[in-house]
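Q: here is the input, now give the coordinates:
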Amino acid sequence: MVEYMFILGSNWLLSIAELLVYVRNRGYEAVVSDHSRHAVILDFKEKLSLEEVVDMQAALGGCYKVGRVIQTYNIIIPTNAYPTNGKPDREALEIITSCPWLPDLWQRPRGKKIKFGVSTYPIIDGKAPIQYRRFTRGLDDTIKKLLLQKGARKADYFAYDEPDRRKVKRMNLALWPKTIAKNNLLTPPNAEILAVFTQKNLYLARTMVIYDSLLQQYRDESRPYISSEISTSPKICRTLLNLAGARPGDTVLDPFCGSGTLLMEAAMLGMKVIGVDINGNQVQGTKANLSWFGRDIGEQIRFDIIRGDARNLTNLIRKEVDAVAFEPSLGPVTKKKPTAKEAEEIIEELTELYREALAQIAQVLRPDGRVAMTIPVIVSRAGPVSMDIKEMIKGTGLGIYRMLPADMIKSISDSDENLRISPNREVLPERKMGQVVQRQLIVLEK
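A: Numbering: from 1, shown residues only. Coordinates of the predicted model:
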């Protein structure tokens, strides 16, 4: 068995769910052996090739970095070595700073110029019994010292020690993908070391591949048609595609395609795409985006974009599709909370829309195909109003596909509610603080 570390996006539970669906869809044998809110450790039956890891990370929407685990310490050791209160335990400190794993990264450092960095991910944000900052700087300094002792001509490390750009109150001790790419830290002899703390262990891993944020930013900003009000994030699009079980070569349908963000992500992954939208401007914009993307990568993209109603798919699409992924209309765009009655009326209208569309989707979807979609949770003045899923799928021929399968999860944490994984989930939240219309993700199967 070989352990790999996956650094998760902000929605850690959804990221794990997507990862497990991907692993099972691709025929890998793996289980979750440990996790925190920042990372998950997957124990694979066989070692993965670099190409497999690169393909995996490129396809995932919820993972920023992937590394192979090279060392594991019981959590007691770093807790005693870098305690928040009291003096460090000398023996525990020596165990950490001896770095027996160093030859796994640098067998022959003599005469080489080496750049590296340690990226630390705590168990959970907030107070902790470990001084993560001291651990990170201490490990950086120790590695530099050992490399110079082993004859490296030069050894320099990069460190990030500022408030998180997304949440100012949260400490961040991890290098950003842009920093890693800019300084070629994944090109030997350079390296990034991932240090992940869980309730049970400290894991060290060598980063194998990172999320290409610069490429994604270029494609988001350079495409000819942008509709920010209705556009779904590329990362959520990839998550939906993976949850739907879409694979390279498959034909993917987005029946509410909007500006085509999901279809572009599918095309990037080598899929044939079909888009339907009731808005003519959106249809033309999607065609322009897909044509631009084909020219940008120098390949012909196979797509079919149709103006029409998702409730009339069987008259618009004459062939079977392998997977369906989409974000439908989620109701009126508003910054003011509606009354409970208004929210219930919106949910009732959307439930009918989705049910009619799903009944049509089931008729064009292959027998073993899946549907991944978002559904709204409207935050009314009286509290959140959710959709009745059973009512939504009644008579459609589709059933609920449960995420986070129990047989793939060994690390179900009962001691801390903030780390608990409840398996076999029907829906998973994808919510942003302050938004009136929140999202949930659901997967359906024929």
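Q: export the strand or helix carrying T314 to PDB, keeping only CA atoms.
A: Using DSSP states H and E, the element containing T314 is helix 313-316. Coordinates of each C-alpha in helix 313-316 appear next as PDB, following Å, rounded to 0.1, in the frame of the first residue of the first chain:
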ATOM      1  CA  LEU A 313     -34.500  17.700 -24.500                       C
ATOM      2  CA  THR A 314     -35.900  14.600 -26.300                       C
ATOM      3  CA  ASN A 315     -36.900  16.800 -29.200                       C
ATOM      4  CA  LEU A 316     -33.500  18.600 -29.200                       C
END
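Q: show me what it is packed against.
A: helix 340-364 (3 or more Cβ pairs under 8 Å, 6 or more residues apart in numbering; DSSP states H and E). All C-beta spots, glycine's among them, are computed from the backbone N, C-alpha and C.
Q: helices or strands next to the helix it packs on in the packing?
A: Contacts defined by 3+ Cβ pairs under 8 Å, 6+ apart place helix 340-364 against helix 313-316, strand 365-380, strand 383-385, helix 389-393.
Q: what average pLDDT does the shortest one get?
A: If I follow you right, that is strand 383-385. Across strand 383-385, pLDDT averages out at 94.
Q: run the chain-centre distance for that strand.
A: Relative to its chain's centre, strand 383-385 lies at 27 Å (Cα atoms, centre = their mean, to the nearest Å).
Q: residues near the residue nearest to V385 when sequence neighbours are not counted, how many?
A: Excluding the flanking residues, the one nearest V385 by Cβ to Cβ, 6 or more residues apart in numbering is A343, at 4.0 Å. By other Cβ atoms under 10 Å, the residues close to A343 number 25.
Q: remind me which residues of the stretch 151-300 of the chain are low pLDDT?
A: Scanning the stretch 151-300 of the chain for pLDDT under 70 picks out the ranges 161-171, 218, 228-231.
Q: could you pull out the strands for it?
A: For the stretch 151-300 of the chain, strands defined by DSSP state E, counting those that start in this stretch occupy the ranges 154-157, 162-163, 171-172, 191-197, 201-210, 251-254, 272-277.
Q: which stretches of the stretch 201-350 of the chain form helices?
A: In the stretch 201-350 of the chain, the segments counted as helices under DSSP state H, counting those that start in this stretch are 213-222, 234-243, 261-268, 280-297, 313-316, 340-364.
Q: could I get these as TSV with distance to M56?
A: Formatted as TSV, those follow (distance: least, Cβ to Cβ, whole Å):
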stretch	distance to M56
helix 213-222	17
helix 234-243	10
helix 261-268	15
helix 280-297	20
helix 313-316	32
helix 340-364	28
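Q: among these, which comes closest to I389?
A: For the helices of the stretch 201-350 of the chain, proximity to I389 was assessed by Cβ to Cβ; helix 340-364 is nearest, at 9.3 Å.
Q: what is the mean pLDDT for the closest one?
A: 97.
Q: now do the buried residues in it.
A: For helix 340-364, a neighbour-count test (16 or more other Cβ atoms under 10 Å) marks 342-343, 346-347, 350-351, 353-362, 364 as buried.
Q: stretch 148-157 too?
A: 150, 152, 155, 157.
Q: just the element for the closest residue to the third one other than its chain neighbours, please.
A: Put plainly, it is A155. Nearest residue to A155, sequence neighbours excluded (Cβ to Cβ, 6+ apart): L147, at 4.1 Å. Assigning secondary structure by DSSP H and E places L147 in helix 132-149.
Q: contact partners for the most centrally placed residue in the chain?
A: Among the residues of the chain, the one closest to the centroid is G62, at 0.3 Å (Cα atoms, centre = their mean). By Cβ atoms under 8 Å, 6 or more residues apart in numbering, the contact list for G62 reads 8-9, 11, 14-16, 18-19, 235, 238-239.
Q: what about Y121, how many residues close to it?
A: Applying other Cβ under 10 Å, I find that Y121 has 22 neighbouring residues.
Q: again, but for the one 10 residues further on
A: For Q131, the tally of surrounding residues (other Cβ under 10 Å) stands at 18.
Q: you'd agree it is up against G86?
A: No - with contact defined as Cβ atoms under 8 Å, Q131 does not reach G86; the gap is 10.7 Å.
Q: thank you, goodbye.
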